[in-house]
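Participant: Structure for the following, please:
(chains A and B)
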Protein chains: 2
Amino acid sequence: MTTPFLALDLPKVEANIARLRTRLAALGGTLRPHLKTAKSVEVARLLFDGGSGPITVSTLAEAEAFADAGFTDILYAVGIAPGKLERVTALRRRGVDLVVLLDSVEQAAAVAEAGVPALIEVDCDGHRGGILPGDPAAARIAGVLGGNLRGVLTHAGESYFSYSPAALTADAEAERQAAVRVAEDLRAAGHEVPVVSVGSTPTAHFAADLSGVTEVRAGNFVFFDLVMAGIGVCGLDDIALSVEVTVIGHRPGKGWILTDGGWMALSRDRGTAAQPVDQGYGVVTDLDGRPYPDLLMTGASQEHGILSVRPGSGAALPDLPVGTRVRILPNHACATAAQFDEYHLTGSGVVWSRIRGW
Amino acid sequence: MTTPFLALDLPKVEANIARLRTRLAALGGTLRPHLKTAKSVEVARLLFDGGSGPITVSTLAEAEAFADAGFTDILYAVGIAPGKLERVTALRRRGVDLVVLLDSVEQAAAVAEAGVPALIEVDCDGHRGGILPGDPAAARIAGVLGGNLRGVLTHAGESYFSYSPAALTADAEAERQAAVRVAEDLRAAGHEVPVVSVGSTPTAHFAADLSGVTEVRAGNFVFFDLVMAGIGVCGLDDIALSVEVTVIGHRPGKGWILTDGGWMALSRDRGTAAQPVDQGYGVVTDLDGRPYPDLLMTGASQEHGILSVRPGSGAALPDLPVGTRVRILPNHACATAAQFDEYHLTGSGVVWSRIRGW
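Facilitator: You can find the predicted model right below:
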């Protein structure tokens, strides 16, 4: 196998899935996993013990691929562009219950005309789009949707910047309250609101109460990454995804080891740069997943990576001759995985493909 | 066509190619374009008026795809990992003159055993790998390579951080001198050194002298991008690549327009963040390529972009209703193009595919 390639540790994926399932079962929550991270039919089936179930997607290409694989309950959780409704209705005619998301009267009018069910997006933390709780716009949109109103949805995107269990639990509670509040307001106005959807990987792991919530979305947790480890949602040992690279040179005067994995492999995502511990482009491990002491990928050009010791560390640069293979744990699993077309399952040689494009 | 997609302005590509060809012809330089940016057989043919010629690649997947398309003079300009020599020799057996790059005795021994011609990498600016001019290691490596020594190569990677024509011209001269110095030292020691290869998009456009140089590499220039515009190598009008996105919402209280193009489309590359003028995730233009006054893509999540007015600007947020399409000029063409599998030529509907993987 030519490096760089994407290495996936299946037992860690299975443990990550089991952990969240156990957690949500105790809280009485239903998981609607977000497949935007894995973009893999095989991972989707793992999430349902080999079967099917409700899923979330980030592109219509994902919706179409998962529909082809037998998934029939799909939420497309990006605000709908009216020009995409033709592909949405084509999937619905195939028997897929594809639901869209929106936060404006203009979108609602187009969606109602197409006869597509929709969730109203609620803004719980100022992260992105959505209607603020208490804004009468929600009722206006619901009125335009009529029988196409399926429910409400929110996403605590700002929880990625919370650094304590207490803060993450508070984010989860704010997420729950925002969605439930809008759902209750709409019900008081006479609308049926069967779906109250919340979620993010951090809040799904720290929610203490899911009262009024009908489903929880999370996606990153199947793989985890250094950003999630940095906010305490997982440990380094839980990270199931890495990029395997080969040492191609040394610059002893600079304290550098050069590899054939650059930003084309890792992506340009430097999510930990905004965290208390900056992990560079990633933490370097051996092929058994053991981190080398304080060894990071600290630089990247398109097809070159630079490994060096964490600034301020007294650790010695390990002796890694030309040809040695190591693995890099990524900042952001969603971004790094997207640089590749397939997963290579460590220890088995099995290859799983990824869904590309839009 | 579903947004986001990669839009390519063919007349601008042709003008960018003609400009550099004219420039190098005046200096007596031969262009060996780097296809790491375009990764496209059609763009490669444009570079040679529909024919073939000497090219540079960043992956063996590129080498194989271009070989399939009839290109037979290929430089693989990333330090060779010995494990990749089998794919290299397979291409050479097909009649492709594939040359590799190295900077160590270990690599040279493996390359000589495989009978593959190689360039010795020279470090002209401390950017990455390579032998420093004057280092006796170059002669040791040449001795191990024996008849497999094809020449020397250097790349002024630090020129991406020079902000004046004078500084860029100095970078180009330093690049030339470093490569020529090592070539002359090797010749003085009795080695044949037919190839002296230099290049980067900035230095190729600002070199004043190519004496002793046999070929110039550059890749980004076919498309250009905001980083190149920021250091004065091109104008905004020369940027041939953009991402077409659709408006999906508004947050008037925040001054935001939301689109369906996030970092999955633009990449996480924020190269202009280190420049005097930070262009966010990109400059927003209409479908004729005209920038909206001070409108930038200032935020990105996986499938959402945030457009807002440049901080400190007095420009008004334009009225862009849901469904409006706009284009984003990227920070870094190499990184943004890599997020997509194909180019859509503006105005013609023609689609060109990109080479993926390693």
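Participant: for the residue lying closest to A:D171 once chain neighbours are set aside, what are its contacts?
Facilitator: Closest residue to A:D171 apart from its sequence neighbours, by C-beta to C-beta, 6 or more residues apart in numbering or on different chains: A:S159 at 4.0 Å. The C-beta positions use only the backbone N, C-alpha and C, and glycine is treated the same way. Applying C-beta atoms under 8 Å, 6 or more residues apart in numbering or on different chains to A:S159 gives the contacts A:125, A:168, A:171-172, A:175, A:200, A:202-203.
Participant: Which of the residues you listed sits closest to chain B?
Facilitator: Nearest to chain B among the contacts of A:S159: A:S200, at 11.0 Å, using C-beta to the nearest C-beta.
Participant: Would you agree that closest one is in contact with A:R217?
Facilitator: Yes: A:S200 is in contact with A:R217 according to C-beta atoms under 8 Å; the separation is 7.5 Å.
Participant: Mutual contacts of the two, please.
Facilitator: Each of A:H155 lies in contact with both A:S200 and A:R217 under the rule C-beta under 8 Å, 6+ apart.
Participant: Any residues of the stretch 151-300 of chain A in contact with chain B? List them.
Facilitator: Contacts of the stretch 151-300 of chain A with chain B, taken as C-beta under 8 Å from any C-beta of the partner chain, map to A:157, A:246-251, A:254, A:258, A:260, A:263-265, A:267-270.
Participant: among the residues you listed, which ones are buried?
Facilitator: The neighbour count (16 or more other C-beta atoms under 10 Å in any protein chain shown) marks A:157, A:246-251, A:258, A:260, A:263-265, A:267-270 as buried among these.
Participant: What segments of the stretch 251-358 of chain A are strands?
Facilitator: Ranges of strands in the stretch 251-358 of chain A, per DSSP state E, counting those that start in this stretch, are A:256-259, A:282-285, A:291-300, A:305-309, A:325-329, A:342-345, A:351-353.
Participant: Any idea which of the ones you listed gets closest to A:E86?
Facilitator: Each of the strands of the stretch 251-358 of chain A has some distance to A:E86 by C-beta to C-beta; the shortest is strand A:351-353, at 26.4 Å.
Participant: What strands line up against the closest one, and which way round?
Facilitator: Strand A:351-353 pairs in its sheet with strand A:342-345 (antiparallel), by DSSP bridges.
Participant: quick one: buried residues of the strand it pairs with?
Facilitator: For strand A:342-345, by 16+ other C-beta under 10 Å, it's A:343-345.
Participant: what's near enough to touch A:G151?
Facilitator: By C-beta under 8 Å, 6+ apart, the contact set of A:G151 is A:119-120, A:183, A:193-197, A:214.
Participant: can you list those in JSON lines and add distance to B:Q107 and neighbour count?
Facilitator: Output for the contacts of A:G151, formatted as JSON lines (distance: C-beta to C-beta, whole Å; neighbours: other C-beta atoms under 10 Å in any protein chain shown):
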{"residue": "A:L119", "distance to B:Q107": "56", "neighbour count": "25"}
{"residue": "A:I120", "distance to B:Q107": "59", "neighbour count": "30"}
{"residue": "A:A183", "distance to B:Q107": "63", "neighbour count": "25"}
{"residue": "A:V193", "distance to B:Q107": "64", "neighbour count": "22"}
{"residue": "A:P194", "distance to B:Q107": "63", "neighbour count": "10"}
{"residue": "A:V195", "distance to B:Q107": "58", "neighbour count": "19"}
{"residue": "A:V196", "distance to B:Q107": "59", "neighbour count": "23"}
{"residue": "A:S197", "distance to B:Q107": "54", "neighbour count": "28"}
{"residue": "A:T214", "distance to B:Q107": "59", "neighbour count": "18"}
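Participant: Give me the more crowded residue out of A:S200 and A:R217.
Facilitator: Neighbours were counted for A:S200 and for A:R217 using other C-beta atoms under 10 Å in any protein chain shown; A:S200 has more, 30 against 24.
Participant: Please enumerate the helices of the stretch 1-150 of chain A.
Facilitator: Using DSSP state H, counting those that start in this stretch, the helices of the stretch 1-150 of chain A run over A:10-27, A:41-46, A:60-68, A:85-93, A:105-114, A:137-145.
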